[in-house]
Every structure is written in C-alpha cells, then in structure tokens.
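Asker: pasting the structure only:
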C-alpha cells in the first residue's frame, strides 16, 4: 500500500482475483456492461464489475441467478464483482415508496408491482447474486433534504447496517458499510462513527453525487474520507468523470463507479486526454484519423473518427460498443496511471497537469 | 467445381480472397453488420459481406468512403464485399420516385431530399465504394405489376445494364448483371437473354422474394437458373431463411443475401437445426442449458439460454450481438455443410432430412 498525501495505492483482494486500486468499476446494471462480453471487459482491463440489485431482483430474479451460479455463472464474468443493495434505485427510481424502521416498500419501475426491501432481504438477495462484495441497505436522501431528515435517516441506516451484518452469512462475500449524512460535517461524522462501530471490511461514502455542487461534494468527502479506517477499502459511490475521479483519488478513495463512461459512449461521446469528443459534431465527419492516437483500444486502432462518427449518427450498435470499449479502457488507464503517480510520490502535480490538458485550461 | 443435380459447389475468387460456394452473404446495410466487428465476422466464418449503395450514397456519401480507401478501408473488413446498385431500395423505400429511360428520381428516406440515380451514377458510386462485386442498376417491380409493365421494365433494365457496363471502369471490381421479368417464364427468358447478351462475369436473379408465394418464387427460379451461363456465379437476391437457402441451392444458386438472420437476431430469434427459437418465449426463462448444444459460437458456448433470454427481454445490446453472431455462424455452417453434401453427391437426400428436422415435420 502506497500513499501520497491522502491519495492511496493499494490492492483489493477478492475470491475472484485481486484488483489494484484506485480502480474504476464499470456498471453492468442488468448483468451486462451494455454491449460488452466478459472477454471485451478483460481486454479493456476492467477490474471489479458492478451489478444493480434493484434491477436484478426484479428481473430475472435472484433465484434464477443463484441457480446459474450467481452473477459470475450467469453472466460469464469471472473477475471480481460488487452489487449495490438496491437502496439507491429504490429511492431514485420509484415514484411510490414508503420507508419505515422495517424497510422500504416500493413500486417496480418495470410494471408498478409492489415490493418491499428489508435489510435482511437486501442481504439475502445479494447473497443469491453472489458478488464478491455486497453493500448494506441504506437510505440515500436527496441532497436538499432537511438536516433533521438526514439525522433521522443516517441513524436508521446505521440500524439497518447492523441488521444486514447480522443477516449476512456468506464467508466468500464481503459486506461493506455505507456512510450517509448529507452535506453536514457533524452528521457525516456521526454516520461514520456508527457505521464503523458496527464494523465492516470496507466502507462506502454514499449520498454524494446526488444533486449537490461539485464543491460541496468534495468538501464533504474531504472531511469524511480521512476519518475512515485507513486499513480498509474506501468506495465512493457514483463518480466516473475523469476530473472527478482524480479529485476523489486525491482525497483517499480507492474504488468508485458510475454509468457515465458507458452512458456517454452510447450517446457518441468519447473520452480523451484532451477532453470529451462528441462524435455527432460535424467536424469529425470527414476526419480519417484515429479517435485518440494515444489509445490502444479496438476503436482507436481499428477505425477512423469518420467511421465512428458515421456509426454514431446512424445509431448503429457497433458504434455504441466500440466507444464503450474505448471509454472503459480510457477510464481504467487513467486509474492505472494515477496509481503509478501515487507510488512515485508525484500524484498532485501530475493530476493538476492532467486536468489542465483535459479541460484545456 | 462440383455438381449434384442442379446444385453447385464452386469457388468465387475476388481481389479480397476466395469464397467457397454456395455462400450466404450477411448484410451490412450501412457499412456494418449490425453489432459485429470485422473480427467477429471472421470468427463466424463470413465470406462476402454486403453493403447497400442506397444508404451509403446518402450517408456518409461515396466521396468520404472513397477517401477512406473504399468500404474495405472505411469499415475495416478485409474480406470480399459486394454492393447492390441501390435500385432495390429506391423502389422499395421511396414514397416519391419517378422512373424514365434516363434513370430514377427519388426522395431520400432520411430527409426527403431529392436525388437521381442513373446507370452511370450507380456504377460510379459503386466504384467509389470499391466492393469486389458491383451490381447493375435495375428496376425491381412489385410481384403484382402487370405483364406489360414487367416487359417494358425488363427491356429498360437491359438497356441500363449496357450503360452500366459501358460506364464501369474498375478492373479490380466485377460488375454483375441482373435478370428480371417477374413471374412470367417467357419474360424471364427474354430478360436473361438480353442480360447475357450484354455479357457479365456473374448474374443475379432479381425481382423475386418481393411478395410472391414461395412456390411461385421457386417455380420461376427453377425455369431461370438452369439457363444462366454455367461457368459464371449465380446470385439469388434476397433469401436467408434456412429452408429457402437449401431450396435455391438445389436449383443451382451460388450466392444469396438477406437481412433475415441478423434481423431475427435483433428480435431475439435464434436459428437452430431444430427450428427457430424465440428467446422471448417464457419456457426459455429458466433454461440453464445452451442455446444450441451443437453450435460452437460464442453465444452457445459462453452463455445459457436463460441469460440470453434475459438480455433479449431487457433489450440489451449484448443480446442483439450474441444472437447475431450465432445466426450468422449458423447460416454459414448450413452453406458449408450443403457444399460438402453436393461434393459427396448426396445433397437432395441430406437437404430433405435437414428440412424435416428443422420444420419438425
């Protein structure tokens, strides 16, 4: 484990292999990183792949996934996996939901059918899904919820965390706790204290990237992260843009996930060291050069910008896939490079230069 | 070259490699077989890949494709390619079109803009696209057009064929003629005579699979195919279902194309030796066995029916891609097997048994 300021370079060990950190975790919402096979994921250097418990619980259902050998057997991805608890989607997707001490009732985003997640059920479902890392069921209030609401919510989330830990039985699966508390430094500290008191092999910072400004997010994270146990992995939920990644790494985060790189790809936007490239932009139409001359991915070595731009404009499946490959590789490479700089002790200066080139400022 | 009854086993030689016939040609309408890279296409044994001149002329335009090194350079597919002349799409897609001796005016299906194809332009555009095989501009009247219309049309198509041949200059590209004449045996014979008189290195039978019954199609083809020059490749335009493929092979066809295998795949329908499998069907939801235990493709060896069914139900890109890989491989394997049976002299009996298993009859 190396350290450079608050930034950390470590290794996350799981039953399905070790992953060097900091690491970006691509999101396979419904059991697939859209358009990519497990082989594609290996080729672009994916470490941990995420699955969303909310979606997989509703479709195809945890029983089937368990029968298929868990998400690893079902999807064919043999590397490390992490599932969220479903809480975030319950709170962000459901129009109808009712929260109580017992758990949360919600209407399925697919067909409106009624369901209830308790800490025990969210844990059981994740055991069936069988990822290497599972998450406790938490409530993720909106950024603008009142201080009173956040205080009440974080305490309930801590009680739920205890029930999750109690319910969790799989020895080959790690269960991580989640710190909430909105943008209130004292509430964050309280939530952290309560969660660490329950005790988990890893901790996530949740409830950020949910509508607050980037400054507020970073300030809150900068107060929270250093208080997390130094010997446990730290997971920031919901960041995937290059600048944000470098910022949270600087604050001591080891793992992070976001649909951004893959979602941007499906909208025809590619990430490069010199910023985002929107392939729908007219100036790429006749550009026979590569998308990113510095990138070794399939999209950049096999095709021209003009061809990729054509695929994007025609909404061709191959365009979505090729740019997804590129963006996942790009984001992974950024993390691998960050790790090297941390180990070499020059992270801060390197990151400043990198951001300056990326933002053109 | 082997023969078994009317069925033929040959080799089609092109500047981008030789292809054993009979061969199914997957359709890459807009310069991509939807969802597949050139590497994918090689893995599933694709021979000739088709491009549609109508679409590529409108988007991204022949100038850009020529600059990029033709369709081969633009798309990265290094194997043989064929482009149609655009005629079929002009007649099937355009709501507004006007045909004259000079050519055909039409409104773009994309934006309604007005365009005109002449035999000379269709030839020039295909030279720019640079496929190994180009097609003459023909009119493809609907199956129910009158005898008088078909007679007039086939004579114009023959005059256009002569103009195409006159305009065609690329020595590294073959230009094929097209026989029309609707369902009228004498008109087919007249069209064939006129087209062969112009003289081409290969001949297509067009104007079938356009709304007539399968029986009418086969009867017309059975009268036409044997009259085509025996030493030239024979291309049947627009067949891709397994039974139809075996039927046209029996009548002496060497090459055929259709969007069916790839389009079915995107609708979640897989082809197997025991018939079509619709993966949306409830009985596949919990089936942890392979899609087709006899198939060596990525979809069949890497995933369960249950996982593929899940992808299809969720309309996931990966589902489209995996089933496309399967259907293209399946259709190619069918042709390779047919070739072996022709060479062994047992085609008819084999095909009868194959169809009986496929149709469950």
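Answerer: That came in fine, so what should we check first? What you see is a predicted model, and the numbers here were worked out from it, not measured in a lab.

Asker: From chain B, how far off is residue A:199?
Answerer: Residue A:199 is 36 Å from chain B, where distance means CB to the nearest CB, to the nearest Å. In this view, the C-beta of every residue, glycine as well, is placed from N, C-alpha and C.

Asker: which ones are touching that residue?
Answerer: A:165, A:177 (CB atoms under 8 Å, 6 or more residues apart in numbering or on different chains).

Asker: Need phi/psi at it.
Answerer: For residue A:199, the backbone dihedrals are phi 90, psi 110 (criterion: degrees, to the nearest 10).

Asker: Please apply the same query to residue A:166.
Answerer: phi -60, psi -40.

Asker: what does the one 3 residues further on give?
Answerer: Dihedral angles phi and psi of residue A:169 (degrees, to the nearest 10) take the values phi -120, psi -20.

Asker: repeat for residue A:20
Answerer: Dihedral angles (degrees, to the nearest 10) for residue A:20: phi -80, psi 140.

Asker: got it, and residue A:6?
Answerer: phi -80, psi -20.

Asker: quick one: the residue most central in space within chain A from chain B, how far?
Answerer: Nearest to the centroid of the C-alpha atoms of chain A, with distances taken as CA atoms, centre = their mean, sits residue A:257, at 1.5 Å. With distances taken as CB to the nearest CB, residue A:257 is found 19 Å from chain B.

Asker: show me where the stretch 51-200 of chain A has strands.
Answerer: Shown for the stretch 51-200 of chain A, the strands assigned by DSSP state E, counting those that start in this stretch span residues A:81-83, A:97-99, A:104-107, A:114-117, A:133-135, A:174-179.

Asker: what residues are up against the residue in chain A sticking out farthest from the centre?
Answerer: What lies farthest from the middle of chain A is residue A:286; by CA atoms, centre = their mean that is 35.4 Å. By CB under 8 Å, 6+ apart, the contact set of residue A:286 is A:306, B:64, B:67.

Asker: In helices only, show me the residues you listed.
Answerer: Among the contacts of residue A:286, DSSP state H puts A:306, B:64, B:67 in helices.

Asker: and the residues you listed as CSV, adding neighbour count, distance to residue A:203 and pLDDT?
Answerer: Below are the ones in helices among the contacts of residue A:286 laid out as CSV (neighbours: other CB atoms under 10 Å in any protein chain shown; distance: CB to CB, whole Å; pLDDT from 0 to 100):
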residue, neighbour count, distance to residue A:203, pLDDT
A:306, 21, 47, 98
B:64, 20, 52, 98
B:67, 16, 55, 98
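
Asker: Using CSV, lay out the residues you listed together with distance to residue A:206.
Answerer: What follows is those, written out as CSV (distance: CB to CB, whole Å):
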residue, distance to residue A:206
A:306, 42
B:64, 48
B:67, 51
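
Asker: Out of the residues you listed, which comes closest to residue A:173?
Answerer: residue A:306 (46.8 Å; CB to CB).

Asker: Could you check how far that closest one is from residue B:130?
Answerer: 15 Å (CB to CB, to the nearest Å).

Asker: returning to that earlier point: wait, the residue nearest to the centre of chain A sits on residue A:240?
Answerer: Yes - using CB atoms under 8 Å, residue A:257 makes contact with residue A:240 at a distance of 6.9 Å.

Asker: Quick check: neighbours shared by the two?
Answerer: With CB under 8 Å, 6+ apart, residue A:257 and residue A:240 have common neighbours residue A:24.

Asker: Let me know how buried the residue nearest to residue A:118 when sequence neighbours are not counted is, in neighbour terms.
Answerer: Using CB to CB, 6 or more residues apart in numbering or on different chains and skipping residues adjacent in sequence, the residue nearest residue A:118 is residue A:103, 3.5 Å away. The number of residues packed near residue A:103 is 20, by other CB atoms under 10 Å in any protein chain shown.

Asker: now swap in residue A:85 and tell me
Answerer: Neighbour tally, residue A:85, other CB under 10 Å: 30.

Asker: Please apply the same query to residue A:354.
Answerer: Neighbourhood size, residue A:354 [other CB under 10 Å]: 18.

Asker: Against which helices or strands is the longest strand anywhere in chain A packed?
Answerer: The longest strand of chain A (DSSP state E) is strand A:7-14. Judged by 3 or more CB pairs under 8 Å, 6 or more residues apart in numbering or on different chains; DSSP states H and E, strand A:7-14 is in contact with strand A:2-4, strand A:17-21, helix A:317-344.
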